[in-house]
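Chemist: build me a model:
(chains A and B)
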Amino acid sequence: MTERARRLWRLAPVLLVIALAVAWQVPDVGWLDLASPDAEVAERMTAALDALGEEPRVLVGFDADIGTYAETRPTVRAMIADLLARDARLAFVSLTAEGRALASAELARLDRGEANPARLLDLGFIPGAEAGLVDLTRRIRVSYEGDHAFAREVEATGIGTFDAVLVIGGNDLGPRSWVEQVAPRIGEIPFIAVTPTVLLPEVQPYLGAGSLQAVLGTPRDGAAYRETLALGNLERLTDPIEPRPLPVLLGMLVAVAVLGQALGTRVLGELRAARSREPG
Amino acid sequence: MRRPTLTVLVVLVGLVLIADLLVVNTAVDQLAGIVIDAAILVAAGAALAAVGSLGARRIADLWRRRGDPLAAGLVLGGMAAMLVAGLRPGSTGTADPAVQWLVAALLVPIGASLFGLLFISTLAAARRSLQSRSREGTLLVAAALVTTILLVPVTGGLGSWLAGGAEWLLAGPIGAVFRGLLIGVGLLTAVYAARTLLGLAVADD
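Modeler: The predicted structure is shown next:
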């Protein structure tokens, strides 16, 4: 590598950030769309939510992690707004410290967005990961002030209150733990999930086996789901700015170029070496 | 050195939890509840001990002037800020606006930025693995390249074709490998647990 190329390579991250910032400002183009062209995954999630019936009680296992939450955040916020639009009662619980921090921030955001407090319940943080999940199936400790009918219901009936479990997964704890620890201990209620892409290979077998009813596991599936929503007044609870496809494409092209160049060099080197080993 | 106490504990706890899952009995249920509560308390204690250990280590770093003093100062400053915000008189704990501001305005963006840097470091690591001429590295990079191309967010016929390819890749080869891994992990866990419960292996092997 020449000195000039080396300098350019060192500057590459800064140049990439500048290029991404510029791409963020460019208007959307028709041939780019973050939403997956195959809407089957989004339709499956909508069907699972439609099947919940009126005023469903949903236990939200909020264990996103700070690193990957940027990827799932628009979909998580849209799904919470969608559930509230369906008159759902949501009880939030976290089993990881990062999940608790993020859940707390989201609950504060819902409060600022004037979401109906009677439909929200904060069950707080339970340490112990899998042991905490098992404990959740045995009893749920509720702390509330005033007359909170949903809280009283959860306090009296425990996990039997809920019509569904929504798992907001992260690197530390995801739908797999919920399916393994909670599903065998309670009656058959649907499990749905929003996860970062990194968890998708781990979650896919459970989805195929029917242990999970629906999963939004990629930004494209999340965008396809968000496109189907008509939230009306509750639109205020969603992310105000949708992710832009052009910066995403630019990042992917850079990755393809860097990986392709390195891979091409390696393959060509191997071919040359093989040819030089040929007799004659 | 083998510690039989741990084995006995594992066997007892395992038997209680299995019995609780299989038998409807109030006494067994209460016993299982005690065991689970104990596990939760141990986990909470371990988490607190880990945080305390991190703080003590950073204080020692500053005191003995070793390592990176700026990083140690930042860690301690961050811990102190969160503790003061959450535990000061009149604070409402994790629901306190000061704690939520620290989380939403500092912790989340900083964490996401660090994760964003993975884009660059992962590409650099992929190039290095190719330069080391390892076959596994080449295979990994080739798979990453194909997956990235399949996830490109274009519309129309090309977009549908790419999305179909990504779905097939996930449901077929990747799904098959993960199913195999999960089944293997499940079988090994069952075998190991059975060996421990039957006294054929020790818990701290």
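Chemist: show me where pLDDT drops low in chain A?
Modeler: A:1, A:280 (pLDDT under 70).
Chemist: longest single helix anywhere in it?
Modeler: helix A:245-277 (DSSP state H).
Chemist: buried set for that helix?
Modeler: Along helix A:245-277, these residues count as buried under the neighbour rule (16 or more other Cβ atoms under 10 Å in any protein chain shown): A:245-251, A:254-256, A:258-260, A:262-263, A:266. All C-beta spots, glycine's among them, are computed from the backbone N, C-alpha and C.
Chemist: tell me if the helix or strand hosting residue A:11 is near chain B.
Modeler: Element membership of residue A:11 [criterion: DSSP states H and E] is helix A:3-25. Yes. Against chain B, helix A:3-25 shows contacts by Cβ under 8 Å from any Cβ of the partner chain at A:13, A:16.
Chemist: that helix vs helix A:245-277, what angle?
Modeler: Angle, helix A:3-25 to helix A:245-277, by axes from the mean of the first three to the mean of the last three Cα atoms, to 10 degrees: 150 degrees.
Chemist: if we can go back for a sec, ok, and of the buried residues of helix A:245-277, which contact chain B?
Modeler: Applying Cβ under 8 Å from any Cβ to those, those adjacent to chain B are A:245, A:248-249, A:251, A:254-256, A:258-260, A:262-263, A:266.
Chemist: so how far is stretch B:45-62 from its chain's centroid?
Modeler: In this view, stretch B:45-62 has its centroid 19 Å away from the chain centroid, taken as Cα atoms, centre = their mean, to the nearest Å.
Chemist: and it, does that touch chain A?
Modeler: Yes. Using Cβ under 8 Å from any Cβ, stretch B:45-62 comes into contact with chain A via residue B:47.
Chemist: tell me the buried residues in stretch A:114-129?
Modeler: Under the neighbour-count criterion of 16+ other Cβ under 10 Å, stretch A:114-129 has A:115, A:119, A:120, A:121, A:122, A:123, A:124, A:125, A:126, A:127, A:128, A:129 buried.
Chemist: now, which of these sits nearest residue A:270?
Modeler: Checking those against residue A:270 by Cβ to Cβ gives residue A:129 as the nearest, at 44.9 Å.
Chemist: now that closest one: phi and psi?
Modeler: The phi/psi pair for residue A:129 (degrees, to the nearest 10) reads phi 50, psi -110.
Chemist: that one reaches residue A:99, doesn't it?
Modeler: No. Applying Cβ atoms under 8 Å as the test, residue A:129 and residue A:99 come out as separate, 10.6 Å apart.
Chemist: identify the contacts common to the two.
Modeler: Shared contacts of residue A:129 and residue A:99 (Cβ atoms under 8 Å, 6 or more residues apart in numbering or on different chains): A:172, A:173.
Chemist: what's the biggest helix in chain B, counting residues?
Modeler: helix B:26-64.
Chemist: could you give the angle of the strand or helix carrying residue B:112 to helix A:3-25?
Modeler: Per DSSP H and E, residue B:112 falls inside helix B:108-131. Helix B:108-131 and helix A:3-25 are oriented at 140 degrees to each other (the same axes, to 10 degrees).
Chemist: next structured bit after helix B:108-131?
Modeler: Downstream of helix B:108-131, the first helix or strand assigned by DSSP H and E is helix B:135-150.
Chemist: identify each buried residue in that next one, please.
Modeler: B:137, B:138, B:141, B:142, B:144, B:145, B:148, B:149, B:150.
Chemist: give the contact list for the last one.
Modeler: If a contact means Cβ under 8 Å, 6+ apart, then residue B:150 has B:162, B:163, B:165, B:166, B:169 as its contacts.
Chemist: and residue A:61, which of the three is it?
Modeler: At residue A:61, secondary structure determined by DSSP: H, G, I helix; E, B strand; the rest coil is strand.
Chemist: in space, what's closest to the residue of chain B found nearest chain A - neighbours in sequence excluded?
Modeler: In chain B, the residue that lies nearest chain A is residue B:111 (3.1 Å; Cβ to the nearest Cβ). Nearest non-adjacent residue to residue B:111, counting by Cβ to Cβ, 6 or more residues apart in numbering or on different chains: residue A:66, 3.1 Å away.
Chemist: helix, strand, or coil at the one you found?
Modeler: Assignment for residue A:66 (three-state DSSP): coil.
Chemist: ok, how many other residues are close to it?
Modeler: Residue A:66 has 21 neighbours, counted by other Cβ atoms under 10 Å in any protein chain shown.
Chemist: surely it and residue B:116 touch.
Modeler: No. Using Cβ under 8 Å, residue A:66 is not in contact with residue B:116; the gap is 11.6 Å.
Chemist: shaky segments in chain B?
Modeler: Scanning chain B with the threshold set as pLDDT under 70 gives B:1-4, B:201-205.
Chemist: again, only this time at 80
Modeler: B:1-8, B:10-11, B:94-95, B:133, B:193-194, B:196-205 (pLDDT under 80).
Chemist: identify the residues contacting the residue in chain A that chain B sits nearest to.
Modeler: Going by Cβ to the nearest Cβ, chain B is nearest to residue A:66 of chain A, at 3.1 Å. Residue A:66 is in contact with A:98, A:101, A:102, B:107, B:108, B:111, B:112, B:115, counting by Cβ under 8 Å, 6+ apart.
Chemist: quick revisit: want to throw the buried residues of helix B:135-150 into CSV with distance to residue A:205?
Modeler: CSV is the format used below for those (distance: Cβ to Cβ, whole Å):
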residue, distance to residue A:205
B:137, 27
B:138, 27
B:141, 25
B:142, 24
B:144, 21
B:145, 25
B:148, 23
B:149, 25
B:150, 20
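Chemist: the residue of chain B closest to chain A contacts residue A:101, correct?
Modeler: No. Residue B:111 is beyond contact range of residue A:101, at 9.5 Å (criterion: Cβ under 8 Å).
Chemist: ok, these two, which is more surrounded?
Modeler: Legend: neighbour count by other Cβ under 10 Å for residue B:111 and residue A:101, higher for residue A:101 (27 against 20).
Chemist: what helix or strand is the more buried one on?
Modeler: helix A:97-112.
Chemist: could you give the angle of that helix to helix B:108-131?
Modeler: Interaxial angle of helix A:97-112 relative to helix B:108-131 (the same axes, to 10 degrees): 140 degrees.
Chemist: partners of the helix or strand that comes right after helix A:97-112 in the sheet?
Modeler: Of the helices and strands lying after helix A:97-112 in sequence (DSSP H and E), the nearest is strand A:120-125. Strand pairing for strand A:120-125, determined by DSSP bridges: strand A:89-94 (parallel).
Chemist: now the residue nearest to the spatial centre of chain B. Nearest residue, chain neighbours left out?
Modeler: With distances taken as Cα atoms, centre = their mean, residue B:47 lies nearest the centre of chain B, 13.1 Å away. Residue nearest to residue B:47 in three dimensions, not counting chain neighbours: residue A:127, with 6.1 Å by Cβ to Cβ, 6+ apart.
Chemist: kindly confirm my reading that that neighbour is in a helix.
Modeler: No. When classified by three-state DSSP, residue A:127 is found to be coil rather than part of a helix.
Chemist: so it touches residue B:42, yeah?
Modeler: No. Counting by Cβ under 8 Å, residue A:127 stays clear of residue B:42, with 9.2 Å between them.
Chemist: next, the closest residue to residue A:144 other than its chain neighbours: secondary structure please.
Modeler: Leaving aside its chain neighbours, residue A:144 sits nearest to residue A:151 (3.9 Å; criterion: Cβ to Cβ, 6+ apart). Per three-state DSSP, the local secondary structure of residue A:151 is helix.
Chemist: good, wrapping up.
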